[in-house]
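1. What would the 3D arrangement of this be:
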Amino acid sequence: NVSVNFISVFFDKAMSDTSWCNSPKFRKGNDAKKYYPVSGLKNLGNTCYMNAALQCLSNTPTLRYFLLDDQHKTKINPTNNFGSQGRLINSLADLIDDLWSHNASFVDPSGFRDTFVTFAPRFKGLFQHDSQEFLSCLLDGIHEDMNTPASRTTTTEDSSSESDEDIRATKKWNKHHQRNNSAIVDMFQGQLRSTVKCNVCGFSSSSYDPFMFLTLPLESKLKILLINDKFESYFVPLPLLATDTIEEACNKLYNVFPAEKEGKKSFAIREFSPTNPRLLSPNFLQSNDLIRDAHKNMSKAMLLVHTYAALPQCTFVTILPPADTKLGVFNWPLLIQLPPKASGQILYQFVQQRVNKGLACMPQTTTTSNTGQCGKPTEEARFPFVLKSMDDQIILADETKLDSTHHCFIFEWHPEHAKKISIPMHTKHVEIELSALLKQFTQEEQIPETERWMCKKCKVVRSPFKKLELQRVPPVIMIHLKRFAGSTGRLKNDSEVAFPSTLDVRKFLPCGTDDETPTVYRLFGMVNHMGTVGCGHYTSYCRDCSTGKWWCYDDSNAEQVDLHSSSKSVYVLFYELKDDLVGLGEPFYTPPLTRPNASQRTTT
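-> This next block holds a predicted model:
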């Protein structure tokens with residue numbers, strides 16, 4: 001009897017420390033012979049926020065190969081009391097090793113999570129957490145594991161009169177890097193320039209701060225309420241800029257409401273106080289007026305937009321709600337077009353026609369009686385509402401010509417009808433471009449009066465203009481879309497955001513930036529949040545840098561997908577410099593390592 005022993009031989013690529021990419025420490029799956037292109041992460045109980053963020057970090061090429069090649073082991077600072085003496089970054093490196101071993105459909109991250117919650121106890125338990133907050137905490141932890149700050153030396157603050165801002169920015173960055181010296185800073189951190197300019201003398205001063213995330217608000221500081229001729233009311237979340245003109249604002253509205261443009265409808269825009277609809281600007285804004293000049297306090301402003309047909313020789317009349325009207329019951333000002341020299345009867349008829357468009361069932365009116373009960377005016381019997389002048393005088397529905405000075409009237413339902421009438425408010429879903437959010441983030445805006453600033457030249461308290469710019473951009477930019485608002489973060493903004501596959505940030509850098517500075521970034525990952533704040537779920541989309549294919553990671557499930565250019569769920573976007581090799585200060589970065597695929601593994 002002859003026995004033959006078969007030996008399986010795997011060809012692999014050696015790492016810099018002479019270990020092998022696919023050594024047994026990577027093979028954690030049930031069947032080491034089966035090849036999986038990607039692996040998911042097991043949900044340990046409301047840990048989708050963690051899994052989505054970890055998949056994006058695992059697909060960050062610079063960090064992924066830095067950890068796979070064990071380069072982090074020579075960077076660990078065991079004497080840093082703010083870190084975990086290397087336990088956290090080693091645990092993350094082991095988890096990424098498991099994810100790219102290609103031997104399991106999913107990996108159990110229990111070991112990593114146990115290490116992480118020791119460093120960040122607030123993430124213990126089975127509570128749902130914010131994925132961006134987890135990501136920020138994790139990156140801060142592995143930064144401290146590798147942080148080797150320079151010895152403390154006595155330094156003096158830079159003079160605010162430094163003529164060359166780039167020199168001041170470099171000094172600030174070098175000072176920050178001396179205290180925060182790690183690969184995480186080199187990969188993920190950039191620098192913002194904040195310039196404050198006096199609104200009187202033009203004196204300006206700049207400050208510089210590091211950033212890891214660009215947090216972009218989705219809502220414009222200036223609200224827009226649009227009321228069309230069908231009595232439909234819309235809140236429009238357009239990211240208007242303070243430097244936009246009214247004409248530019250109208251063009252943006254036409255993009256949102258193309259039917260109005262096709263119907264040759266015009267927009268009438270003026271200032272409006274949402275807390276008191278009676279406080280309405282009597283004059284319409286002109287096409288060349290700036291949004292910034294329309295209302296100085298943009299945090300509380302609202303633009304009221306009426307759509308109307310351009311009728312020749314018409315008179316505009318505004319119908320206001322009573323002062324004590326609650327929101328949601330005909331409390332928004334209406335715009336009525338009347339023929340010249342109109343009477344009170346025509347005014348009532350036009351208002352009735354306008355109201356009919358907004359109600360599926362109008363309250364029944366009495367048309368046979370000329371006098372209402374208790375001697376009230378005839379219009380109360382003929383119409384379910386009454387119109388009053390601004391001094392609370394009832395307007396009669398007769399042939400009396402209206403005073404040309406009356407441009408506003410107060411609309412009141414009769415008490416028996418007011419409880420039955422309610423008009424819902426709509427929110428117009430607008431696709432917001434990421435570039436528009438970045439432009440809004442870096443636009444110049446005037447500081448509110450409550451935060452006035454002392455001008456060092458005028459020696460007087462002023463309301464200056466403030467502008468943010470990207471002074472220094474990192475190899476990896478993480479863009480955080482601020483979807484959760486409110487004092488407790490319990491409100492979610494579901495606006496659809498259009499994000500490009502390549503993003504050029506040059507126009508958001510200060511003027512005079514070197515043309516040779518690389519500024520084109522490529523999208524490679526995103527964290528998504530679906531559902532509401534209290535009942536939501538996180539997933540991630542990531543691009544495999546070795547194949548260029550996109551994968552959807554939903555906890556333990558992973559499937560290949562075609563990426564769409566916009567989403568209502570995208571929460572954090574990951575962009576990397578488009579260059580294949582990225583200089584990161586010190587030469588710790590190496591070209592991407594190529595793992596063998598299934599066809600390269602042979603058995604003899």
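2. what ranges do the strands span in the stretch 251-400 of the chain?
-> For the stretch 251-400 of the chain, applying DSSP state E, counting those that start in this stretch gives strands covering 265-272, 302-309, 315-320, 334-338, 385-388.
3. Of those strands, which shows the lowest average pLDDT?
-> Lowest mean pLDDT within the strands of the stretch 251-400 of the chain: strand 315-320, a mean of 68.
4. and G263, what does it touch?
-> Applying CB atoms under 8 Å, 6 or more residues apart in numbering to G263 gives the contacts A309. Glycine gets a C-beta too; all of them are placed from N, C-alpha and C.
5. tell me what whichever helix or strand T170 is part of is packed against?
-> Secondary-structure element containing T170, defined by DSSP states H and E: helix 165-179. Under the contact definition 3 or more CB pairs under 8 Å, 6 or more residues apart in numbering; DSSP states H and E, helix 165-179 sits against strand 190-197, strand 204-211, strand 465-472.
6. Beyond that helix, next helix or strand please.
-> Next along from helix 165-179, by DSSP H and E: helix 183-188.
7. on contacts alone, who are the packing partners of that following helix?
-> helix 61-68, helix 131-146, strand 476-482.
8. buried residues in that helix?
-> 183-188 (16 or more other CB atoms under 10 Å).
9. what would these look like in a markdown table with pLDDT and distance to E248?
-> Shown next, in a markdown table, are those (pLDDT from 0 to 100; distance: CB to CB, whole Å):
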| residue | pLDDT | distance to E248 |
| --- | --- | --- |
| A183 | 94 | 44 |
| I184 | 95 | 41 |
| V185 | 94 | 40 |
| D186 | 93 | 40 |
| M187 | 94 | 38 |
| F188 | 95 | 35 |
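10. Would you format these as CSV with distance to C455 included?
-> Formatted as CSV, the buried residues of helix 183-188 follow (distance: CB to CB, whole Å):
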residue, distance to C455
A183, 42
I184, 38
V185, 34
D186, 38
M187, 39
F188, 36
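11. Closest one of these to D145?
-> I184 (9.0 Å; CB to CB).
12. State the pLDDT value of T156.
-> If you check T156, the pLDDT there is 50.
13. G525 now?
-> 95.
14. Same check on the one 4 residues further on?
-> Looking at H529, its pLDDT reads 94.
15. And the host helix or strand of it, what's buried?
-> Element membership for H529, per DSSP H and E: strand 520-531. Burial within strand 520-531, assessed by neighbour count using 16+ other CB under 10 Å, is assigned to 521-529.
16. and if you look at stretch 334-350?
-> Buried, per 16+ other CB under 10 Å, within stretch 334-350: 334-338, 342-348, 350.
17. Output these in a markdown table, with distance to F211 appended to each entry.
-> A markdown table is the format used below for these (distance: CB to CB, whole Å):
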| residue | distance to F211 |
| --- | --- |
| L334 | 46 |
| L335 | 44 |
| I336 | 50 |
| Q337 | 50 |
| L338 | 55 |
| A342 | 59 |
| S343 | 63 |
| G344 | 61 |
| Q345 | 64 |
| I346 | 60 |
| L347 | 57 |
| Y348 | 59 |
| F350 | 55 |
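18. and which of those is nearest to K264?
-> Nearest member of these to K264, counting by CB to CB, is Q337, at 14.3 Å.
19. quick one: the closest one and A309 touch, right?
-> Yes: judged on CB atoms under 8 Å, Q337 makes contact with A309 at a distance of 7.3 Å.
20. Which parts of the stretch 251-400 of the chain are helices?
-> For the stretch 251-400 of the chain, the helices defined by DSSP state H, counting those that start in this stretch cover 258-262, 291-294, 344-358, 378-382.
21. Would you single out the least confident of those?
-> Among the helices of the stretch 251-400 of the chain, helix 378-382 scores lowest, at a mean of 55.
22. Now do the helix or strand hosting I89: which elements does it pack against?
-> Using DSSP H and E, I89 sits within helix 87-99. The contact analysis (3+ CB pairs under 8 Å, 6+ apart) places helix 87-99 against helix 48-58, helix 61-68, strand 106-107, helix 110-119, helix 131-146.
23. tally of neighbours for D289?
-> 16 (other CB atoms under 10 Å).
24. So what does it have for phi and psi?
-> phi -70, psi 140 (degrees, to the nearest 10).
25. For it, give me its contacts.
-> Contacts of D289 (CB under 8 Å, 6+ apart): 245-246.
26. let's see it at 6 Å
-> When contacts are counted by CB atoms under 6 Å, 6 or more residues apart in numbering, D289 touches I246.
27. low-confidence ranges in the stretch 1-150 of the chain?
-> 1-33 (pLDDT under 70).
28. go again using 50 as the cut-off
-> Along the stretch 1-150 of the chain, segments meeting pLDDT under 50 span 1-32.
29. What is the burial count for K175?
-> Neighbour count for K175, taken as other CB under 10 Å: 15.
30. so how far is L509 from it?
-> Distance, K175 to L509, using CB to CB, to the nearest Å: 21 Å.
31. okay but N199 is in contact with P464, surely?
-> Yes: using CB atoms under 6 Å, N199 makes contact with P464 at a distance of 5.5 Å.
32. if you count what's nearby, which of those two comes out ahead?
-> P464 (22 against 14).
33. Next, the contact list for the more buried one, please.
-> Here P464 is in contact with 196-199, 447, 453 (criterion: CB under 6 Å, 6+ apart).
34. P121 versus the nearest residue to L126 once chain neighbours are set aside, what's the distance?
-> Excluding the flanking residues, the one nearest L126 by CB to CB, 6 or more residues apart in numbering is G45, at 4.3 Å. Distance of G45 to P121, computed by CB to CB: 17 Å.
35. try T79
-> For T79, the distance to P121 - CB to CB - is 23 Å.
36. go on, E271?
-> 50 Å.
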